[in-house]
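**Q** Generate coordinates for the sequence data below:
(2 chains, ligands or ions: 1)
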Amino acid sequence: MPSSGRPDTVYYFGTCLVDLFYPEAGLAGMELLKRAGIRVVFPADQSCCGQPARNSGYFDEARAVALRQIKAFPQPWPIVVPSGSCAGMMKTHYPDLFEGRPEHEEAKAFASRVFELTDFLVNVVNIRLTDKGQPLTVTWHGSCHSMREMGVVDQPKALLRQLANVTLVENGREKECCGFGGTFAVRQPEISAAMVADKVTALEDTKAARVISGDCGCLMNITGAMGKKGSPMGGQHIAQFLLERVDG
Amino acid sequence: MGDFTSRAPAALNDPTLRANFRRAMDGLMSKRAAQFADKDAWESLRAQGAAAKARVVARLPELLEQLEANLTQNGIVVHWAETTAQANAIVLDILQKAGAKTVIKGKSMVSEEMELNHHLEAHGIRAVESDLGEYIIQLAGEAPSHIVMPCIHKNKAEIASLFEKNIAGLGYTEDVDALTAAARAALRGQFASADAGISGVNFAVAETGTLVLVENEGNGRLSTTLPPLHIAVMGIEKLAEKLDDLPALLSLLPRSATGQAITTYVNMISRPRQPGEKDGPKAVHVVLLDSGRSRVYADAQLQDTLRCIRCGACMNHCPVYSRVGGHTYKFVYPGPIGKILTPQLEGLDCAGDQPHASTLCNACVEVCPVKIPIADILVRLRAESVNSTGSGAVKGAGSMRKRLESLVWKGWAAMYGVPMLYRLGSWGLTRLGNWLPDSLPMLKRWTSVRTRPRFAAKTLHELARDKGYDHE
Ligand code: SF4
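**A** So this is what the prediction gives:
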C-alpha cells in the first residue's frame, strides 16, 4: 500500500440485489474507484453474502454461501461493498456464524477487510469530486445496517456535500427503518406497507427531487412505493448519482 | 388468538391508535435523546449498566442464594415459585393467612405475567391498581400496552370519557391535573384501608438484601408502607450484585424509560417494621418467580435476555411497535424485549412468529441501556423456530419448520453457493425473471403497495466483464 494508506488494488463485492436488479449502480461504484486510480477486481465466483438465509434462521445454508464468498476473495486486498447491509453481514456476522468452527479465523480475517463503499471513498480514498451537473435538491436515506452495523452516517453526506450544485436536505425520519427488512416485506406485508408509506411521506416532505441511498434493498422498497402512489420523487444509489454528477 | 401477523392489520387500520402511539413514542424518543446528548457519557454509563447486569446473569444461582440469605436475615420472608400458578398460590396463601380482603397494588409486570388480579378476584380478594396508568386500564378492563406506560395507547379524550363513566361526580374533563386529582381522590381511601400492598421490584440487591423500587407517583411508597403487609413479586433475574451498581442502573433506567434524570421516588426496602418504629408493614414477603427464566439462563447466548431492566426504550424506538401498539403482541411483554422474551418463556409453539416480525433494524439494540443484542437473539430464535441449530434450548423448537420452506433454502444455498449454478441462475433470471407471473404470492404481497422490481438485462457479473474489469 502507498504511504497514504490507499491500496493499489481492491476487491469489489457487488451483492446479489445489485447483480440482478441494479447492475448500473454496482458498475458506477467500480468506476468511481477506478477513476481514483485504484485497480478494481471483481471475482467471478461471488454471489450473495448469505444474509437472507442467516436472517431467516437457516444458518447452515448461510454458512455454505458465506464460505463460498470467503474463498472467492483470497488476496489480502480490501473488499469494497456498495451496500451497508451486505457489508454489515460480512463484517459483523461472518465471525459469529463461524464461531467455534475451523473456518472462524478465516472468516474474521475476511471480515476485517470489508468496507462499505462510501466509507471507503471518504476515509480511505479521500476522494475529491467535481460536480458538473445542474442544480438539484436531494435527501439522504441511510439504511439501518449501514448506520448501526457499519457506522456509516456522515460519510455519504460528506460526499453529497462535495457536489457544488447539489443541495442536501435532511428528512425528519432519517433514522427510522423503511420497512424493507428482506423477507420482512413479504412476511409482514401490512406492517411493511405502513412503514414504507410513512417513510415516503417524510421524504416527500423535504420537497427534494430524489432520495439517494447506499442500499438497493431500501431503494427497491422506497422507490417501489413512490412509483405505486405516483409520487414525483425518484430514488438512486449514491454511486450512480455521484458518477452522474461528475460526468455532468 | 391468531398469530401476530394476522392481528396486526386491526391495529394498523385504527387511525386513533396509530396516532396515539406515534405521538407518544416520538415524545419519548426525543426526551431520551436529550438525556443522552453526550455520547461519551452515554457509552460509559451504559458500559457500567451492561457490566453490572452481565455480572448478575453470570453468577445468577449464587447471587440468588446470597439474596435469599440477606433478605431472610433482614426479616423478609422469601418464597420461590417455579410457575405463575405457584406464585399465585403463594400470594393467595399469604393474604388468606393474614385475613386480607383488599389489596392495593403498585406497578408490577410480573404480577401481569401471573394474572394475579384475576386469581385474587376469584378468591374474593379485591386488588386495586394504584399506578395511574394501571388504574386507567383496570377501569377500562384492558391489559397494559407498554411495560412502563401501561395506558399509552389511550389519548386524553379517551381517558376523560373513561373517568366520566367510572368516577362518581366527575364530569367530562381533559384537564390532566383534574383527571389526576380525581384518580388520587378515588385511590386515597384505598391506601388507608387496604389490608395488604403488592408491588414489583426493580432491583433486589444481593449484597444487602434490599428491594429497590422506582416510581413517580408515590403510590409505590404508599402501597409498600401503609398496609400492614407487603408482598413483592419479582422475576429471578431482577438482581443487582451490590449497592455500588445502583447509581449507574438507577440513572440508566429512568433516562432510558421516560427521559427523566431520576424518578421522583426511589424506594429502598430493607426490612419490615421494627419494634419501636412508627410505620412500615409488619411483614414483608418476596416471591421470586422463575416461569421459564432458568431455561433462558441455561443457554450461553440467550441468557443475555435476562439482563433486561424493563425500561421500555426498545419498544419506544421500535418502528414495528410504534405502528401496531402493545396489544397486538397479545402477551405481557410487547415490543423487541417481548419478541425475544415471550417465545422463550411461553415457547416457540405459541409465540414463534414474534421473532420473525422484525426488520432487524437494530434501533432497539442502539438504545438498550444494558446492551442486550436483541437483533442477534431474534435471529437465533428464528433459527430455533425452524430447528436449524438442533440445540433444543427453547421450548417448541422446530414448531415453525415447513418442509417446503427448508427445501427452498436448500435450493437457494445451492444456487448461491455453487458459482456455476449462480451463473446459470442469474443468467436465467435476468433473461426470464420479468416473465414470472404477477400472481406469485411473494410478488403479490410486494406489489400490493409497490411497483414490481425489474430484473436488469445483464448482471453486474456480465457488465464488469464487458467493461474489462479483472476477475482475479
Ligand atoms: S431490552 Fe433493553 S431497552 Fe428493552 S426494556 Fe429491556 S433493558 Fe430496556
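
**Q** Could you pick out the residues of chain B near the ligand for me?
**A** Contact residues (C-beta under 6 Å from any ligand atom) of chain B with the ligand: B:256, B:308-314, B:336-337, B:368-370, B:372. Backbone N, C-alpha and C define where each C-beta goes, glycine included.

**Q** Report how far apart the opening and closing residues of stretch A:142-162 are.
**A** Using C-alpha to C-alpha, to the nearest Å, the end-to-end distance of stretch A:142-162 comes out at 18 Å.

**Q** Mean confidence (pLDDT) on it, please.
**A** For stretch A:142-162, mean pLDDT rounds to 97.

**Q** quick one: buried residues of it?
**A** By neighbour count with 16 or more other C-beta atoms under 10 Å in any protein chain shown, stretch A:142-162 contains the buried residues A:142-150, A:152, A:155-157, A:159-160, A:162.

**Q** In helices only, show me those.
**A** Filtering these for membership in helices, criterion DSSP state H, returns A:144-148, A:155-157, A:159-160.

**Q** measure A:Gln75 to chain B for me?
**A** 9 Å (C-beta to the nearest C-beta, to the nearest Å).

**Q** Backbone dihedrals for that residue, both of them.
**A** Backbone geometry at A:Gln75, expressed as degrees, to the nearest 10, gives phi -80, psi 160.

**Q** Need phi/psi at the spatially most central residue of chain A.
**A** Nearest to the geometric centre of chain A sits A:Ser83, at 1.8 Å (C-alpha atoms, centre = their mean). Note on A:Ser83: its backbone torsions stand at phi -160, psi 120 [degrees, to the nearest 10].

**Q** ok, it touching A:Thr15?
**A** Yes - with contacts counted by C-beta atoms under 8 Å, A:Ser83 reaches A:Thr15, the gap being 4.8 Å.

**Q** anything in contact with each of these two?
**A** With contacts defined as C-beta atoms under 8 Å, 6 or more residues apart in numbering or on different chains, the residues adjacent to both A:Ser83 and A:Thr15 are A:Cys216.

**Q** From the ones in helices among the buried residues of stretch A:142-162, pick the one nearest A:Leu67.
**A** When these are compared for distance to A:Leu67 (C-beta to C-beta), A:His145 wins out at 21.2 Å.

**Q** So B:Asp3 is in contact with B:His356, correct?
**A** No - between B:Asp3 and B:His356 there is no contact under C-beta under 8 Å: 9.6 Å.

**Q** where does the residue nearest to the spatial centre of chain B land on pLDDT?
**A** Nearest to the geometric centre of chain B sits B:Tyr333, at 3.8 Å (C-alpha atoms, centre = their mean). Note for B:Tyr333: predicted pLDDT of 97.

**Q** How about it, nearest residue that isn't a chain neighbour?
**A** Of all residues not flanking B:Tyr333 in the chain, B:Leu341 sits nearest, at 5.1 Å (C-beta to C-beta, 6 or more residues apart in numbering or on different chains).

**Q** go on, B:Val296?
**A** Closest residue in space to B:Val296, ignoring its immediate chain neighbours: B:Gln344 at 5.0 Å, by C-beta to C-beta, 6+ apart.

**Q** Residue in chain A with the shortest distance to the ligand?
**A** Here chain A gets closest to the ligand at one residue, A:Arg148, 14.5 Å apart by C-beta to the nearest ligand atom.

**Q** wait, what's in contact with that residue?
**A** Contacts for A:Arg148 (C-beta under 8 Å, 6+ apart) come out as A:88, B:361-363, B:365-366.

**Q** biggest separation within the residues you listed, which pair?
**A** Farthest pair in the contacts of A:Arg148 (C-beta to C-beta) is A:Gly88 and B:Ala363. Separation: 14.3 Å.

**Q** Pass me the low-pLDDT residue ranges in chain A, would you?
**A** Per-residue confidence for chain A (pLDDT under 70) gives these ranges: A:1-4.

**Q** So in it, which helix runs the longest?
**A** Every helix in chain A considered (DSSP H), the longest is helix A:189-204.

**Q** Give the buried residues for that helix.
**A** A:189-196, A:198-200, A:202-204.

**Q** which secondary structure elements does it contact?
**A** The contact analysis (3 or more C-beta pairs under 8 Å, 6 or more residues apart in numbering or on different chains; DSSP states H and E) places helix A:189-204 against strand A:136-141, helix A:184-187, helix A:216-229, helix B:4-12, helix B:321-324.

**Q** same for the following helix or strand past that helix, what does it pack against?
**A** Downstream of helix A:189-204, the next assigned helix or strand under DSSP states H and E is strand A:210-213. Packing partners of strand A:210-213 (3+ C-beta pairs under 8 Å, 6+ apart): strand A:136-141, helix A:216-229, strand A:234-237, helix A:238-247.

**Q** switch the cut-off to 6 Å
**A** Identification of packing neighbours for strand A:210-213 by 3 or more C-beta pairs under 6 Å, 6 or more residues apart in numbering or on different chains; DSSP states H and E yields strand A:136-141, strand A:234-237.

**Q** can you put these in TSV and add distance to B:Leu246 and mean neighbour count?
**A** Output for those, formatted as TSV (distance: least, C-beta to C-beta, whole Å; neighbours: other C-beta atoms under 10 Å in any protein chain shown):
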stretch	distance to B:Leu246	mean neighbour count
strand A:136-141	41	20
strand A:234-237	49	22
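
**Q** Of all those, which one is nearest chain B?
**A** Chain B sits nearest to strand A:234-237 of all those, at 11.8 Å, using C-beta to the nearest C-beta.

**Q** neighbour count winner among B:Asp3 and B:His356?
**A** Taking neighbours as other C-beta atoms under 10 Å in any protein chain shown, B:Asp3 and B:His356 compare with B:His356 leading, 23 against 15.
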